[in-house]
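Colleague: no sequence for this one, just the structure:
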């Protein structure tokens, strides 16, 4: 059922058990599990569904991404990429102290073995749990969102890079996430869409994918049909506080009250949190995608061209290229070089890399933390505020587990996962 057909169900409720600020995939899965506990819920979203980072990503549900981005090797690559026009990484020159502090923290965490271990295990826990929860959800609901538990290829063109990845896979293997290495003819037999530019793949059978836009639409429809009120184009202006509690939320669409509040505003969280005397080290990392009609020769499952950080995801009725990381603040312009890079990389690896029937060019801001871990915790300042943010590039992959954890915190239920890795520092 579409959102438009459900508009007549929506009321003008101004007081709820829980107000969730943020209508992306994290906020909506918080609503999903809170609804299961019988809570009345209002979701306030400053934009529309297409504005969220959840909408235009490549739809990967990928426990294989347990390793954080932090590493000395990535720092070295990043320095090289800065001087390459078509690199997957770009930093816009800026004298922003918060950004510089974030980058220093990222560099420090890249050499901190204890933090790297904590980040890896914390990410793996959320990713594996969410992968299981997705299976439960899609068994319970016949949502049309192209759920495909087909695995994901990490493809390399260079033998030395392929072999170097083995050390990373060994770390994942210790977490029960080992890949199957596939080389040459065996790889082309398994994935005929690849060109001979590909040398080998590390294939993660546990990974899956969805069409994120369709998932958001189905999830929103489910929530609204059961009484959740979603207010789009609803920008939070101020908070009223009393005795360590948020008592009112003033927006451009009125004043809202709730017993509990969940802050799930993605890359915007740090700015909003300042009003609440919270310091949240999240900055925007801009990513791009191109959605088009499916080519004749389409991959059988998502492929990550690991050396170039570009992803291709096939669906029954569409095809998406995505990737790149651009630290340019909240810049709203399309960088044509970023979009062209996606096509250039696909052209190297795929027999039919893309079609000219493009449906949509898109960009969104990923909520990046400098240690690779999200924050899922109760506010240290407010008794009734809970924060779920900073999922980096893995919001879709971590959303169900995050929503369940937040729900357990809100209602005071025993947590199904150890939540210490996601606590405020």
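Modeller: On my side now, so go ahead. Predicted model, so just to flag it, every value in this text is computed and none were measured.

Colleague: Would you mark the buried spots in stretch 350-368?
Modeller: Judged by neighbour count (16 or more other Cβ atoms under 10 Å), stretch 350-368 contains these buried residues: 350, 352, 353, 354, 361, 362, 363, 364, 365, 366, 367, 368. Yep, even glycine has a C-beta here, placed from its N, CA and C like the rest.

Colleague: For that stretch, measure first residue to last.
Modeller: Using Cα to Cα, to the nearest Å, the end-to-end distance of stretch 350-368 comes to 30 Å.

Colleague: Just give the nearest non-adjacent residue to residue 404, would you?
Modeller: Spatial nearest neighbour of residue 404, chain neighbours left out: residue 33 (4.9 Å); criterion: Cβ to Cβ, 6 or more residues apart in numbering.

Colleague: wait, doesn't the one you found sit right on residue 402?
Modeller: No - Residue 33 is beyond contact range of residue 402, at 9.3 Å (criterion: Cβ atoms under 8 Å).

Colleague: Please say which of these two ends up with more neighbours.
Modeller: When residue 33 and residue 402 are compared on other Cβ atoms under 10 Å, the one with more neighbours turns out to be residue 402, at 29 against 21.

Colleague: before we move on, back to that, pick the one among the buried residues of stretch 350-368 closest to residue 416.
Modeller: Residue 416 lies nearest to residue 367 out of those, by Cβ to Cβ, at 23.4 Å.

Colleague: quick one, helices of the protein?
Modeller: Defined through DSSP state H, the helices belonging to the chain, from first to last, are 25-36, 53-56, 72-81, 97-110, 113-140, 159-164, 166-173, 184-190, 212-225, 269-273, 336-349, 395-411.

Colleague: Give me the pLDDT for the residue nearest to residue 404.
Modeller: At residue 33, the model reports a pLDDT of 98.

Colleague: what domains does the record give for this structure?
Modeller: 4-54+214-281+372-422, 71-113+141-207+282-368 (automatic domain parsing).

Colleague: With distance to residue 130 added, can I get the ones you listed in a markdown table?
Modeller: Supplementary listing: the domains of the chain in a markdown table, determined by distance: least, Cβ to Cβ, whole Å:
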| stretch | distance to residue 130 |
| --- | --- |
| domain 4-54+214-281+372-422 | 4 |
| domain 71-113+141-207+282-368 | 12 |
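
Colleague: Figure out which of those domains is closest to residue 122.
Modeller: Taking Cβ to Cβ as the criterion, domain 4-54+214-281+372-422 is the member of the domains of the chain that comes nearest to residue 122, at 3.1 Å.

Colleague: counting contacts, what elements does the lowest-mean-pLDDT helix or strand in the chain pack onto?
Modeller: In the chain, the helix or strand scored least confidently by mean pLDDT, DSSP states H and E is helix 72-81, which has a mean of 79. For helix 72-81, the packing partners by 3 or more Cβ pairs under 8 Å, 6 or more residues apart in numbering; DSSP states H and E come out as strand 89-91, helix 97-110.
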